[in-house]
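A.B. asks: just the structure for this:
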Amino acid sequence: MKKWIWIAVAAVVVLGAFWFYRTYNGFVRMDEEVKTAWAQVETQYQRRSDLIPNLVNTVKGYAAHERETLEGVVEARAKATSVNLSVDELTPETMARFQQAQEGVRSALGRLLVVAERYPDLKANQNFQELQAQLEGTENRIAVARERFNTTVRGYNVAVRRFPAVIVARMFGFGEKPYFTADAAAAQAPFVEF
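C.D. replies: Predicted coordinates:
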């Protein structure tokens with residue numbers, strides 16, 4: 001009888017160790033998926049940021065006296081690129097600062113595109129049209145990247161809160177990650193009809 005008890009205890013220990021192993025490694029995998037999703041969000045914002053100097057220079061050639069608007073776009077870009085977050089620094093507060101900086105860029109670009117309406121030659125410029133199309137495409141990519149990030153974070157957050165996995169999560173510091181929450185206007189790509 002004692003032999004069966006030891007076999008049962010050993011089986012429970014082995015199964016417990018296997019569950020612990022799988023749970024921990026699952027959290028590691030999901031944490032890396034969140035990091036990858038965040039990197040995609042940052043990549044799309046960087047793409048938009050990289051388009052801005054070309055767009056500003058194109059507009060500058062046609063609308064040099066619109067200095068305030070052009071400087072506003074450059075300033076918003078500088079502010080947005082100064083807010084860099086690693087996925088480990090994501091908190092609701094840091095996400096809010098990041099989102100606010102990115103909304104500043106989006107708003108400044110919207111004003112720039114409105115200025116472009118006043119200049120028929122600029123609107124007809126092939127380079128400007130291509131840049132505008134790239135910018136619109138980038139805004140759509142940003143929206144998709146944010147959505148994928150939130151979906152990944154949702155899966156991770158559910159996993160770290162489920163019982164009994166929450167015990168392993170807390171033991172090894174796997175905490176909840178914040179969602180990307182932008183206002184409804186930020187989810188729409190800027191649209192200017194020419």
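
A.B. asks: which residue lies nearest the spatial centre of the protein?
C.D. replies: residue 41 (3.2 Å; CA atoms, centre = their mean).

A.B. asks: any idea how far that one is from residue 81?
C.D. replies: 14 Å (CB to CB, to the nearest Å). No exception for glycine: its C-beta is placed from N, CA and C like everyone else's.

A.B. asks: what's the burial count for residue 114?
C.D. replies: 12 (other CB atoms under 10 Å).

A.B. asks: and the longest helix belonging to the chain, what does it pack onto?
C.D. replies: The single longest helix within the chain, with elements called by DSSP state H, is helix 2-62. Packed against helix 2-62 by the contact rule (3 or more CB pairs under 8 Å, 6 or more residues apart in numbering; DSSP states H and E) you find helix 67-82, helix 92-116, helix 120-124, helix 126-161, helix 165-171.

A.B. asks: and stretch 147-164, what's buried?
C.D. replies: Using 16 or more other CB atoms under 10 Å as the test for burial, stretch 147-164 gives 148-150, 152-153, 156-157, 159-160.

A.B. asks: one more: stretch 25-43?
C.D. replies: Neighbour counts using 16+ other CB under 10 Å place 26-27, 30-31, 33-35, 37-38, 40-42 of stretch 25-43 among the buried residues.

A.B. asks: how far off centre is that stretch?
C.D. replies: Chain-centre distance of stretch 25-43: 11 Å, with CA atoms, centre = their mean, to the nearest Å.

A.B. asks: as CSV, could you dump the C-alpha coordinates of stretch 128-138?
C.D. replies: The C-alpha trace of stretch 128-138 is given here as CSV (Å, rounded to 0.1, in the frame of the first residue of the first chain):
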residue,chain,number,x,y,z
PHE,A,128,2.6,65.4,-53.1
GLN,A,129,-0.1,63.0,-54.3
GLU,A,130,2.1,60.0,-53.8
LEU,A,131,3.1,61.2,-50.3
GLN,A,132,-0.5,61.7,-49.4
ALA,A,133,-1.4,58.2,-50.6
GLN,A,134,1.5,56.8,-48.6
LEU,A,135,0.4,58.7,-45.5
GLU,A,136,-3.2,57.5,-45.8
GLY,A,137,-1.9,53.9,-46.2
THR,A,138,0.3,54.3,-43.2
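
A.B. asks: quick check: mean pLDDT across it?
C.D. replies: For stretch 128-138, mean pLDDT rounds to 84.
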